[in-house]
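**Q** Got a sequence here, can you model it:
(one chain, ligands or ions: 1)
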Amino acid sequence: MTTSGSNVETLLDMADLVRPNAVRVAAALKLADHLAEHPMTVEELAERTDSHPVMLGKLLRYLVDLGLFQVDDAEKYTVSELGEPLRRDFPQSVGQFLSAEGLFGRIELGLVGLLHSVRTGEPCHAAAFGREYWDEINNDPAFVPALEAEGTTRIGWDAELVVDGYDWTGVSRVMDVGGNNGTLLIELLTRHPHLRGTVLDLPNLARIAQRRIEQAGLAGRAEALAGSFFDPLPGGHDVYLLSGILADWSDERAISILRRCGEAAGPEGKVLLAEIDLVVPAAAPGAARTDLFIAATVPNPVRSVDRLRELGRSAGLRASWEGPRTPVRSLLEFSAGGDADEDVGMPREHADA
Ligand SMILES: C[S@@+](CC[C@H](N)C(=O)[O-])C[C@H]1O[C@@H](n2cnc3c(N)ncnc32)[C@H](O)[C@@H]1O
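**A** The predicted model follows:
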């Protein structure tokens, strides 16, 4: 083959979408898990996975070509060594991670909207699937199993800073806005027994958080509410906590979220920002790919503390305390109704946001 011929082959191979989708569908249907039990025909596997037998047969034939499965003379399929890591019980399983109905898999599939992102600078997910990522996985029942399976039950990303780095003694009620499945609120209430709290998140996660709060024996001190942080938030809390939230949103929408928290907090309340700021070193292997991926899926992952102060100021909030920092987290308290003139550097384009 000529060099240009092999380049054409290489490019076509690079752009192929059938292979990644086939692997991710195999992961979603747990084909490797079923076939690990015993060899099966297409019909049996279709029955097990509630799939269309003809389409599943075509998928399996291709997955055999790829080397993930094998088929014997009796037309029964088995998992090959290459396909083994798709099993959920494999020691370093990638089955849930790659699943087309998994939380991370769904983010990756949104990259079919990359053209929209490159044209507009907006995240790709809504262009691909008609609504934003968090909105989709929180309103579609198909993602409840993934939210249950992949949801973390231990605080991470240096969230210890929220629990230990803030003076909670004078606080009686905290709302964890975008509090996910309740892990951080449960930890906060466990470590600070005088605290009461509320998780506010979109419907699927709010339901999971409520159940986990009850399982933790905290039903008397906490509850979970379904709601959006773009709508007016319930009052009655001294602190409105935003942990790892703003990095998912553009400046304009981050300001709206801060404004909603400030309104709910009122003149006496606080908005506590525990933002995650992960910087991918430019020289790290795969950095260009990661950079493109993050930029297309979440618009503004990294903001300096000064920039966060500016966003707060644009939302009518005054930075009233700055806490300790780790390489991953910063802690910044805002007071509602403060003197906006005390902060400097508000970018003009956000003055009216
Ligand atoms: C990156 S996670 C952060 C979760 C958690 N606060 C933490 O520190 O790990 C973002 C959270 O915001 C929630 N979220 C997204 N859009 C929302 C909205 N409009 N209203 C309320 N919560 C929302 C998501 O469901 C998700 O739980």
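
**Q** So is stretch 252-260 next to the ligand?
**A** No: shown here: stretch 252-260 not in contact with the ligand (CB under 6 Å from any ligand atom), separated by at least 8.0 Å. No exception for glycine: its C-beta is placed from N, CA and C like everyone else's.

**Q** Show residues contacting that stretch.
**A** Contact partners of stretch 252-260, identified using CB atoms under 8 Å, 6 or more residues apart in numbering, comprise 177, 229-233, 242, 245-246, 249, 271, 273, 300, 311-312, 314-317, 334, 350, 353.

**Q** Just the buried ones from those?
**A** For the contacts of stretch 252-260, a burial check counting by 16 or more other CB atoms under 10 Å picks out 177, 229, 233, 242, 245-246, 249, 271, 273, 300, 311-312, 314-317, 334, 350.

**Q** Skip the chain neighbours and tell me the closest residue to residue 140.
**A** What sits nearest to residue 140 in space, not counting adjacent residues and going by CB to CB, 6 or more residues apart in numbering, is residue 204, at 7.9 Å.

**Q** who touches that neighbour in this structure?
**A** Contacts for residue 204 (CB under 8 Å, 6+ apart) come out as 137, 138, 139, 140, 141, 143, 144, 147.

**Q** about what we covered before: show only the entries of the contacts of stretch 252-260 found in strands.
**A** Taking DSSP state E, the ones among the contacts of stretch 252-260 that sit in strands are 177, 242, 271, 273, 317, 334.

**Q** So what sits opposite the third one in the bridge?
**A** Okay, so that is residue 271. Beta-bridge partners for residue 271, by DSSP bridges, are residue 240, residue 334.

**Q** Report the separation between it and residue 41.
**A** Look at residue 271 and residue 41: by CB to CB, to the nearest Å, they are 59 Å apart.

**Q** For the stretch 151-300 of the chain, what lies in contact range of the ligand?
**A** 178-180, 184, 201-202, 205, 228-230, 243-245, 248.

**Q** ranges for the helices of the stretch 151-300 of the chain?
**A** 160-164, 183-191, 203-215, 251-265, 287-297 (DSSP state H, counting those that start in this stretch).
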